[in-house]
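> Take a look and give me a structure for this.
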Amino acid sequence: MPPIRDRVLTTEDTRARTRLIEKGPVRATIRAEVNLTLPRALSEDREERAPEPVSCPLTLLASIYPRIPRVDLRVAIENRAKDHRLRVIFPTGLEDADHAYAHDRFYVMKRPINPPKGEGWIERPSATYPQRFFVDVNDGVVGLMVANKGLPEYEVRRDGEAVLMLTLMRCVGWLFRIETVGPVIRLPPELLPRIEAVAPPVVIPTPEARYQGRHVFEYSIIPHEGNWLTSGAYKEAYGFNVPLLAHETAVHEGNLPAAASFVRVKPDTLIVTAVKRAETEDALVVRFYNVTGKTVQGETEALKPLEGAWIADLDEQAIRRVTLKNGRIVAHDVAPHRIMTLKLKLKNNS
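The predicted structure follows:
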């Protein structure tokens, strides 16, 4: 809960020091440096910001790549301030967007930009929501997606246009709890005296949650046409979170083709979430889900011949055996938003 007399500081009118530090055939990177001057902490009564300022140096690296339609950003900050939240704000220019779309595990949530008023609610409706890999705002014609690595809180506000906000840090020095109610996050001030009269509040210090010191954050800006699905922007968000890992070997003989996939799942709307060895047997587990709201006809193809294939549950227990095509391909219809797990057993000589 913010203090009663709060202050919001931005870098909108701050001049940053910028320079090009990399320009090659694979990547170009700009470095920007700015010094954030922030209040040291909350006041002793926690009703306003302390007047003493502290300096928090911030460095941003912005990188682009050929034929990859996104801008990858890496932010490093030396945090010396306490009791504050650091966010990145993205004006979208979208005046007709009504919803935000947030990636979750095995699903993409659709939420209205205007939160409920919460009339008669004990706790105020929160304007912040969770996400996993990305959040997207679009009007069906164009849109803006922001992907992230481990930054689960976002907010979208309407200020003429839709404004997307990504939380980098939430530095909390204490938690507030009323024993008969539980944790209080956004309690209306008019209710607080009535509840305190029955159950005095307990303030729990959380000094380590103030996140002092150096911290690094990574996120990516992905502008697109259409919506998050039709544009394929979700694939860029996955590519940002699960980048290609290269491994160089010595020169040696082999029988693999110049280009191949050991396991390939298609189409792209079937999102692979796991490729692993089975826990209790010599088999390969491939798990994916249908990110769309329609049934998808797909295939899973192995590079090597298979001895057998089974539909399995999340515990890797076989449900039923499936027929193979050409000894290497499993055809499957995946219902809307359904999770599917395949268990594949390779032939001994492959």
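> tell me the contacts of R264?
By Cβ atoms under 8 Å, 6 or more residues apart in numbering, the contact set of R264 is 300-301. Where C-beta positions appear, they are placed from N, C-alpha and C, glycine not excepted.
> what comes up buried for the lengthiest helix in the chain?
Counting by DSSP state H, the longest helix found in the chain is helix 233-241. For helix 233-241, a neighbour-count test (16 or more other Cβ atoms under 10 Å) marks 233-234, 236-238, 240-241 as buried.
> Following the chain past that helix, name the next helix or strand.
As assigned by DSSP states H and E, the chain's next helix or strand after helix 233-241 is strand 263-266.
> where's the residue nearest to D104 when sequence neighbours are not counted, which helix or strand?
Spatial nearest neighbour of D104, chain neighbours left out: R132 (5.5 Å); criterion: Cβ to Cβ, 6 or more residues apart in numbering. Per DSSP H and E: R132 is located in neither a helix nor a strand.
> How far off centre is stretch 165-172?
13 Å (Cα atoms, centre = their mean, to the nearest Å).
> can you check stretch 140-147 too?
With Cα atoms, centre = their mean, you get 15 Å for stretch 140-147.
> likewise stretch 287-303?
22 Å.
> neighbouring contacts of that stretch?
For stretch 287-303, using Cβ under 8 Å, 6+ apart, the contacting residues are 106, 108, 229, 234, 260-267, 269-275, 284, 286, 314, 325, 328-342, 344, 346.
> Select the helix or strand of this protein having the lowest average pLDDT value.
Least confident helix or strand of the chain, by mean pLDDT, DSSP states H and E, is strand 182-183 with a mean of 51.
> can you dump the C-alpha coordinates of stretch 291-299 into PDB?
Taking C-alpha atoms only, stretch 291-299 is exported to PDB below (Å, rounded to 0.1, in the frame of the first residue of the first chain):
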ATOM      1  CA  VAL A 291      -2.400 -22.000 -27.100                       C
ATOM      2  CA  THR A 292      -5.500 -21.300 -29.200                       C
ATOM      3  CA  GLY A 293      -9.200 -21.500 -28.600                       C
ATOM      4  CA  LYS A 294      -9.700 -24.000 -31.400                       C
ATOM      5  CA  THR A 295      -8.900 -27.700 -31.900                       C
ATOM      6  CA  VAL A 296      -5.600 -28.000 -33.600                       C
ATOM      7  CA  GLN A 297      -4.500 -31.000 -35.800                       C
ATOM      8  CA  GLY A 298      -0.900 -31.500 -35.300                       C
ATOM      9  CA  GLU A 299       2.000 -33.900 -35.600                       C
END
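> So in terms of bridging, what pairs with the closest residue to R328 other than its chain neighbours?
Using Cβ to Cβ, 6+ apart and skipping the chain neighbours, the partner closest in space to R328 is A302 (4.8 Å). For A302, the beta-bridge partners are V263 (DSSP bridges).
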